[in-house]
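> Whatever this is, show me its structure:
(4 chains)
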Protein chains: 4
Amino acid sequence: MLEPEFEKLYSEMEQCHVKPLWLAERSVNPSQPQPKTVPWLWKWSQLSNFARRAGELVTLARGGDRRAMGLANPGLGGAPYATNTLWAAVQWLNAREVAPAHRHTAQAIRFMIDGQGAYTTVQGDKIYLERGDFAINPPWHWHDHGSEGDESAVWMDALDVPLNNYLDAPFFEHSAQDVQHVTALIDESVLKYGIGQLRPAWEQPAVRYSPLSVYKWQVTERALNNLARVAASPFDDVALEYTNPHTGRPVMDTMTCWIQMIRPGVHTKAHRQVNSAVYHVVEGRGATIIGGIRFDWEQGDIFVIPSWTYHEHLNESKGERAILFSAQDTPVLVALGKYREEALTTSNGFQTVKETFDVEKALAYG
Amino acid sequence: MLEPEFEKLYSEMEQCHVKPLWLAERSVNPSQPQPKTVPWLWKWSQLSNFARRAGELVTLARGGDRRAMGLANPGLGGAPYATNTLWAAVQWLNAREVAPAHRHTAQAIRFMIDGQGAYTTVQGDKIYLERGDFAINPPWHWHDHGSEGDESAVWMDALDVPLNNYLDAPFFEHSAQDVQHVTALIDESVLKYGIGQLRPAWEQPAVRYSPLSVYKWQVTERALNNLARVAASPFDDVALEYTNPHTGRPVMDTMTCWIQMIRPGVHTKAHRQVNSAVYHVVEGRGATIIGGIRFDWEQGDIFVIPSWTYHEHLNESKGERAILFSAQDTPVLVALGKYREEALTTSNGFQTVKETFDVEKALAYG
Amino acid sequence: MLEPEFEKLYSEMEQCHVKPLWLAERSVNPSQPQPKTVPWLWKWSQLSNFARRAGELVTLARGGDRRAMGLANPGLGGAPYATNTLWAAVQWLNAREVAPAHRHTAQAIRFMIDGQGAYTTVQGDKIYLERGDFAINPPWHWHDHGSEGDESAVWMDALDVPLNNYLDAPFFEHSAQDVQHVTALIDESVLKYGIGQLRPAWEQPAVRYSPLSVYKWQVTERALNNLARVAASPFDDVALEYTNPHTGRPVMDTMTCWIQMIRPGVHTKAHRQVNSAVYHVVEGRGATIIGGIRFDWEQGDIFVIPSWTYHEHLNESKGERAILFSAQDTPVLVALGKYREEALTTSNGFQTVKETFDVEKALAYG
Amino acid sequence: MLEPEFEKLYSEMEQCHVKPLWLAERSVNPSQPQPKTVPWLWKWSQLSNFARRAGELVTLARGGDRRAMGLANPGLGGAPYATNTLWAAVQWLNAREVAPAHRHTAQAIRFMIDGQGAYTTVQGDKIYLERGDFAINPPWHWHDHGSEGDESAVWMDALDVPLNNYLDAPFFEHSAQDVQHVTALIDESVLKYGIGQLRPAWEQPAVRYSPLSVYKWQVTERALNNLARVAASPFDDVALEYTNPHTGRPVMDTMTCWIQMIRPGVHTKAHRQVNSAVYHVVEGRGATIIGGIRFDWEQGDIFVIPSWTYHEHLNESKGERAILFSAQDTPVLVALGKYREEALTTSNGFQTVKETFDVEKALAYG
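Below is the predicted model of the structure:
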């Protein structure tokens, strides 16, 4: 029990919106990160079911600008965010549908899961997207999406919405016209900048954002196969970072994206970083052990790794490769002088598995 | 009322931690910043009263490492933070007392309000601080404070604690020894680097953090007086940014600090930025109109300007200058490509005052 | 005639190695560049004849480390330099011959003209070179060349030797072993870094020099064809700069290299820059008008454009493309704040041709 | 004697301006720098005598724009250059005289030796210069000099004229008006930017050139005295580099300047760099051993240290400090990836003195 003088002082402070540090020191200054973001996994079987049904039920008029289904990390108290800094969603577009033009300061990327004839137009530059393509959407650039074919399209979005809102920096605007006037040739940026070791000699480099609107899957897959012949990381196996070819830096100020091949039989060592990440399984099956919990995954699944949490990847298949795409907030931590990483040094670098994530059971408890 | 299929879909989604964007689009993507941080002002009469009483009642042993009283913005739901990104506090040290050595990844600055014989030792570099001195504390640098004289000392702290915690990046460590071994001469960094236009020729520049441990008031005041003779900003009058003389950049990755003289009779025009700031009144009296509310201030007061909120400063005195110190999160916004600023264009650039902040009334309602 | 006091003063000054500026102001400070480098062209018919004969007559033992034939610009007073800053040469290697390992601070590039089975090993990294391949050799990197096949090899070298010597910066060292131990897989750098928009995620970027040892012709040609579909420069037609994919900057600190396609029927406009360049005709025929002199060129020829001299390119063929490779000292001028460029504004941007370069006549006068 | 086929080949090559590398390999690729610049020293007794007499004899009309007396390094074949890259001169201005406005791309600095009431106006910014002041003149900035008092003025100039001419980059222009219109307050840049640790908060930093027109002696001397209390270099004693406070970089792209105090009794160790430098003795007397030759110097003398030549400084006085100012081409070497330095490792780091420079004898032989 507090002596009366203390009680009086603390009560007056409280009244005046003053908080003694000494009553809350460890919550203000924890000895290490205590992320509220929890490791989690959403099954593609459920996500695709939701997406298909939303495609049938929800019109874009009713559904706002985008038929996007956000993944809400259970640790974040109901906020519709995948991690503390990243919003991630599955977005569905019906055949011959248009998601009308708008722009925002949130920084966005898209990874194409399925669809033929789908396109996106970013600031007048129209590109067609196929499975495996990775597209960027720099902040405050107009963009509309559409599907010209007979097929629906589905992709994963990742945006820095939580960070942008946390920083009190969001701006959003609808365009007067649903579909932008196309000012560039189809795939112009790929033709001009797509061979990253040569640049139009008369142009200034694109310093702030990648000049490439889309990183085509065919090229990405070739890069993975090439790299697999010569090198791999003990922690991430055959891992490539998408870069701005004009600077070698990440494609966004607040996000970087990776494509990763976990080769058959590979079990990587555990490490952890001060960052958070959203992973999407492009192909194959395998598992990731995150903070001692084993998450088994297969094609289409999406999972999350929180900050400062050990993680390691496994592909137990005999002959099938697994491909992971991820969006990470690493550039934020690096830019602000806050990035750290550390390998696990016990048990030869592998975690002890404490439990296996069972989505049914988890949801029942959730 | 929802049709049954919708209800079923939304309920299953909720169960699986999936959130349709179209049900919450404007909260996910607001059309402009809607800061929870509110404009606020803490009176020095109250702060200094609390500080003095805490000095009498609370021992550092009982009060943890630091006798710091955090300013809790009423908009932030009880969190002990001054703005969304900045923690600010008044810290009190009794005569001949020691605040023991620790280190953390949160980035810190201090502005000296009063005290003789107070010192701070940062990573072995000991400096004495006097009224008006501005000291920096780079992340993960050991630091202890003390007062060798017969007087207590009081200063303002600003740290990026909220940001650091939000980013899941905090680390904190106590030192085995309360008082660091001093490895540099007293004021060595001032003697080596304090004349910012000349640098020891054989040394590499200090790129990550300012090589200066302290920016002395005498020098700062001279800079203000010099600048006042030749130039001023229409929005901030005679405003200087403390810089790292080896790079010209802000003194921290996540914070920049300003010293500002509002000359007698000056009423600046209103503008707003995507950033947040904590101001401390070093000297004089005046007012700042923030989002249409007039905050009158006098020496010692501390007030807050939230993101994207118009603000303008007044010094209605006939002959007395007013001096403001501030810590701002601008480098974060700039590094992440999110900074914007805008001048008010109506009413000749001045806001209409809707009300005057009355701390008694505000606290009564708070 | 000088008055006696002047004569006395000037004579004493001369004796003491003091030179009055006012007697030589325009030579010290010319109103614009007056390059000693002259526009010139070396015919491949002659160069290849010399190279083949040197291959027969001169052993590498006798011919030093390299059987390289330097192009000596007639304006440079007998110095073996192509321009003020660039040394350029044709180098010949007989079948199964080795040019032994050495290293130097001069910065070097090579463009492959012909040969099968030729290789170069740079700092343990061995690559095979084919026609059209462009290879870099960072300063102070060990390198040896060889030909494993039944064919001789021939390529163009460009080095910053004149600049390096002018700056009193040359170092040179022979290796104890003629042929380096190969430490990397064949073409390892191409496999790791050759798709410039993706980078091994666990590696730091190669900031100082390009991580790519060789830019393969097949990739380069694809980039030219791609660019030709979307854009071209009015001055240089379809022009690409080779870049370091990890920085987007030129491949060397002191040289940048371009590959250029002049499409059939194209006649570019004239411009001039503060820089100097050595061009090699990779394919086709055409002409370049340099300072009012028309230089007709065909496959294999090498020509020079001096600083601040207008130049424009022509391909008068009906259907054959022309390909030019060039090495330029532009990064030097840019780094030192000395780069300028200017378009010709008279005669609709085209020069008046005053004469046609006739190498026979020129040599007769030379 | 050459066999006939060789003779024929070499003769044809010569005729065609082709030079076999193997006949000249060591001159093209020396194993280490062989500067033509020689160590040399000009006595102030002679320089000031020439300057004074030129002031009497030569009008500025007759003497061109500037009454500057260039120091011609005896190793450079009669060129009026102090080193391979630097032009240095003593410039004299009579009382109430004007050196009319012009501009050039050569980069210039001035160090004031004597004079009251002398001023320089750079791009409309007028400053008065006193003994010890260091002024910069960015490229292509208009500048005129004058003396308003009753005294003549004398200073040392250093420009990158040789480099600028070597790179074929010189431009020069006379102004229509001899004396520029003054657009800034006197000493405005000193008032705005002279306290290098604080910067006008609303301005963008001056990235390309220092925002400071002049570095005042009083400030410079204070910096020397401060540094002397805490640190010194074993090779250069108390040495400071003038920097751009907005970037921490050298004041020019092609030159950096140092101020150095050699304290009484100090004898520094020898080292050498790939760079060249011109030194001016501001105060005191001492000696510098350059490449084994001892150069004794006293106030006003100017001497030269060539590239890759060991040098060490001595102040044998009991109580008098010696002050050296120098201009060096180091930024060029660093920017182009060509800088190296090396300490002498024999004889405890001191050179063996082979001879003492005797200017009379040297001139007699010269």
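
> I'd assumed A:T220 was in a helix, is it?
Yes: remark: A:T220 belongs to a helix, assigned using DSSP: H, G, I helix; E, B strand; the rest coil.

> Nearest residue to the middle of chain A?
A:A327 (3.1 Å; Cα atoms, centre = their mean).

> Please report phi then psi for A:F6.
phi -60, psi -50 (degrees, to the nearest 10).

> could you list every residue that touches it?
B:L57, B:V58 (Cβ atoms under 8 Å, 6 or more residues apart in numbering or on different chains). (C-beta placed from N, C-alpha, C; glycine too.)

> Contact residues of the stretch 51-200 of chain A facing chain B?
Proximity of the stretch 51-200 of chain A to chain B (Cβ under 8 Å from any Cβ of the partner chain) is limited to residues A:53-54, A:57-58, A:62-74, A:80, A:84-85, A:87, A:89, A:104-107, A:139, A:161, A:163-173.

> so of these, which ones are in helices?
The helices, defined by DSSP state H, take in A:R53, A:A54, A:L57, A:V161, A:L163, A:N164, A:N165, A:Y166 from these.

> The closest residue to the residue nearest to the centre of chain A other than its chain neighbours bridge partners, please.
Nearest residue to A:A327, sequence neighbours excluded (Cβ to Cβ, 6 or more residues apart in numbering or on different chains): A:A158, at 3.8 Å. Residues in a beta bridge with A:A158, per DSSP bridges, are A:A88, A:I109.

> Smallest distance to chain B belongs to which residue of the stretch 251-366 of chain A?
In the stretch 251-366 of chain A, the residue that lies nearest chain B is A:S307 (3.4 Å; Cβ to the nearest Cβ).

> ok, that residue - contacts?
Neighbouring residues of A:S307 by Cβ under 8 Å, 6+ apart: A:P33, A:P35, A:T37, A:N84, A:Q273, A:V274, A:N275, A:S276, B:L167, B:D168, B:A169.

> for A:P211, same thing?
Contacts for A:P211 (Cβ under 8 Å, 6+ apart) come out as A:S189, A:K192, A:Y193, A:P205, A:N244, A:P245, A:H246.

> how about 6 Å then?
The contact partners of A:P211, by Cβ atoms under 6 Å, 6 or more residues apart in numbering or on different chains, come to A:S189, A:Y193, A:H246.

> Near chain C, which residues of chain A are found?
A:185, A:188, A:191-192, A:195-199, A:201-202, A:205, A:215, A:223, A:226, A:229-230, A:233, A:239-243, A:245-248, A:258 (Cβ under 6 Å from any Cβ of the partner chain).

> filter these to the buried ones?
A:188, A:191-192, A:195-199, A:201, A:205, A:215, A:223, A:226, A:230, A:233, A:239-243, A:245-248, A:258 (16 or more other Cβ atoms under 10 Å in any protein chain shown).

> Inside strands: which ones of these?
Among those, the members found in strands (DSSP state E) are A:L198, A:R199, A:Y215, A:A239, A:L240, A:E241, A:Y242, A:W258.

> So which helix or strand of chain A has the lowest pLDDT on average?
Lowest mean confidence among the helices and strands of chain A (mean pLDDT, DSSP states H and E): helix A:359-365, at a mean of 77.

> which stretches of chain A have low pLDDT?
A:1, A:62-63, A:365-366 (pLDDT under 70).

> Just the buried residues of stretch A:252-267, please?
A:252-263, A:266.

> what's the distance between the residue of the stretch 251-366 of chain A closest to chain B and chain D?
Distance, A:S307 to chain D, by Cβ to the nearest Cβ, to the nearest Å: 33 Å.

> Now that residue. Nearest residue, chain neighbours left out?
B:D168 (3.4 Å).

> cool, A:E283 as well?
Once flanking residues are discounted, A:E283 sits nearest to A:I323: 4.1 Å by Cβ to Cβ, 6+ apart.

> who does the one you found bridge with?
Beta-bridge partners recorded for A:I323 (DSSP bridges): A:M261, A:E283.

> Let me see the ranges of the helices in the stretch 251-366 of chain A.
With helices called from DSSP state H, counting those that start in this stretch, the stretch 251-366 of chain A shows them at A:330-335, A:359-365.

> out of the ones you listed, deepest packed?
helix A:330-335 (a mean of 22; mean count of other Cβ atoms under 10 Å in any protein chain shown).

> So that one, near chain B or not?
Yes: under the criterion of Cβ under 6 Å from any Cβ, chain B is reached by helix A:330-335 at A:A335.

> outside of that helix, which residues touch it?
Here helix A:330-335 makes contact (Cβ under 6 Å, 6+ apart) with A:P250, A:T254, A:T256, A:V274, A:N275, A:Y339, B:A335.

> just stretch A:82-89 next, same as before
In contact with stretch A:82-89 (Cβ under 6 Å, 6+ apart) are residues A:37, A:68-71, A:73, A:81, A:157-159, A:161-163, A:276, A:278, A:304, A:329, B:168.

> Then stretch A:219-226?
Under the criterion Cβ under 6 Å, 6+ apart, residues A:V238, A:L240, A:I259, A:M261, C:L191, C:I195, C:L198 lie in contact with stretch A:219-226.

> Might you calculate how far the host helix or strand of A:V154 sits from the centre of the chain?
Using DSSP states H and E, A:V154 sits in strand A:153-159. Centroid separation between strand A:153-159 and its chain, computed with Cα atoms, centre = their mean, to the nearest Å, is 9 Å.

> list the helices and strands that strand packs on?
strand A:87-93, strand A:108-114 (3 or more Cβ pairs under 6 Å, 6 or more residues apart in numbering or on different chains; DSSP states H and E).
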